[in-house]
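>>> Pasting a predicted model and its sequence here:
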Protein chains: 2
Amino acid sequence: MQISSRFTIAVHIFACIDTFKDDFKITSDFLASSVDVNPVIIRKILLQLKSAKLVEVQRGTGGTSITRPLDKITFYDIYHAVECVENGELFHFHEHPNQECPVGRNIHNVLDSKLVQIQTGLENELKKITLADVIKDTQYYIQKEKTRY
Amino acid sequence: MQISSRFTIAVHIFACIDTFKDDFKITSDFLASSVDVNPVIIRKILLQLKSAKLVEVQRGTGGTSITRPLDKITFYDIYHAVECVENGELFHFHEHPNQECPVGRNIHNVLDSKLVQIQTGLENELKKITLADVIKDTQYYIQKEKTRY
DNA sequence: AGAGTTGTAATAATTGACATTACAATAAAG
DNA sequence: CTTTATTGTAATGTCAATTATTACAACTCT
């Protein structure tokens, strides 16, 4: 099972907000057009990002802005905000290993810490990347398009 | 979205095979009882592990064995064998970012390498853990139960 | 030949993802 | 204060993946 596209959509949203903040009002329709999903999907993701205090959304009048400096928002913050995994657990453990079996009743003892270790490996990488990295690269690629002659 | 329980089930299967190989014939029914899932689920996972040449399964007569030394089978081998993610890609990318939008047409340029870096973080942790670690701990916990007095 | 087991297909229930329509609540602007 | 644009949210639908389950042909040993 893959991690929900909510994550890449959320990063895309941040890239749009920062790139277009001076030229357009950032509405859910505007974002939906760039990402190419339904505006309601965008609004739900924005609600999650708002709950995590990563963005502010103006009700009624519309408009979205980022609440923190870009280098203070990591991929982990976003990943966490859009709830890509249940209960924060990356791995789905089979529910009822047989307690009558020596292996079945100890499999959690054996595996749990190892699964945490693996999940931490993922999360550490997520923490290394910030929106500042995303915006820097976005601007680079947009600039590169303009200098094509 | 969580990683399918096929992964933890597969590890559980290996722990059972090694623990009970001298005392029982390892059939899909035997494994299904310890894991507490349907025997057909076990057989499908065994087929995937067989395709990856991690186990051998005796048709007709029944019985399953591990093909390699335990320290030569990593969690990554198992994870890969049971196809926990589509096309080997951990992240589901939104399908059609708008090519008319400067951000939309560059979001892949910006994100792809970062997503690979994160996925590699996960896979590196998976590669660090082997079945030898699992069996060592399993035997420790089973032994610990016996010495309770 | 009989018994036990695997490989495999078919079917179903459940869940999450994402799409879509609709509309009340909100806030600015005329 | 009404109009207008937009957000928040509910309701509904479609699709795909997971897991369960039944059934049975193919296989291998006794």
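Looks like it came in fine.

>>> and the residue in chain A that DNA strand C sits nearest to, how far is that from residue A:120?
Residue nearest to DNA strand C within chain A: residue A:60 (2.2 Å; CB to the nearest atom of the strand). Glycine gets a C-beta too; all of them are placed from N, C-alpha and C. Per CB to CB, to the nearest Å, residue A:60 is found 42 Å from residue A:120.

>>> Out of those two, name the residue with the larger neighbour count.
residue A:120 (14 against 5; other CB atoms under 10 Å in any protein chain shown).

>>> Now the more buried one. Nearest residue, chain neighbours left out?
Among residues not flanking residue A:120 along the chain, residue B:125 sits closest, at 7.5 Å (CB to CB, 6 or more residues apart in numbering or on different chains).

>>> Now do the same contact list for the one you found.
Shown in contact with residue B:125 (CB atoms under 8 Å, 6 or more residues apart in numbering or on different chains): A:117, A:118, A:120, A:121, A:122, B:75.

>>> With distance to residue B:103 and secondary structure added, can I get those in CSV?
What follows is the contacts of residue B:125, written out as CSV (distance: CB to CB, whole Å; DSSP: H, G, I helix; E, B strand; the rest coil):
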residue, distance to residue B:103, secondary structure
A:117, 36, helix
A:118, 33, helix
A:120, 31, helix
A:121, 30, helix
A:122, 26, helix
B:75, 37, helix
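
>>> Mind checking what secondary structure the residue of chain A most remote from its centre has?
What lies farthest from the middle of chain A is residue A:100; by CA atoms, centre = their mean that is 41.2 Å. At residue A:100, secondary structure determined by DSSP: H, G, I helix; E, B strand; the rest coil is coil.

>>> what is the orientation angle of the strand or helix carrying the residue nearest to residue A:120 with helix A:107-128?
Using DSSP states H and E, residue B:125 sits in helix B:107-128. Computed with axes from the mean of the first three to the mean of the last three CA atoms, to 10 degrees, the direction of helix B:107-128 lies at 150 degrees from that of helix A:107-128.

>>> Buried ones in helix B:107-128, by neighbour count?
B:107, B:110, B:111, B:114, B:115, B:118, B:119, B:121, B:122, B:123, B:125, B:126 (16 or more other CB atoms under 10 Å in any protein chain shown).
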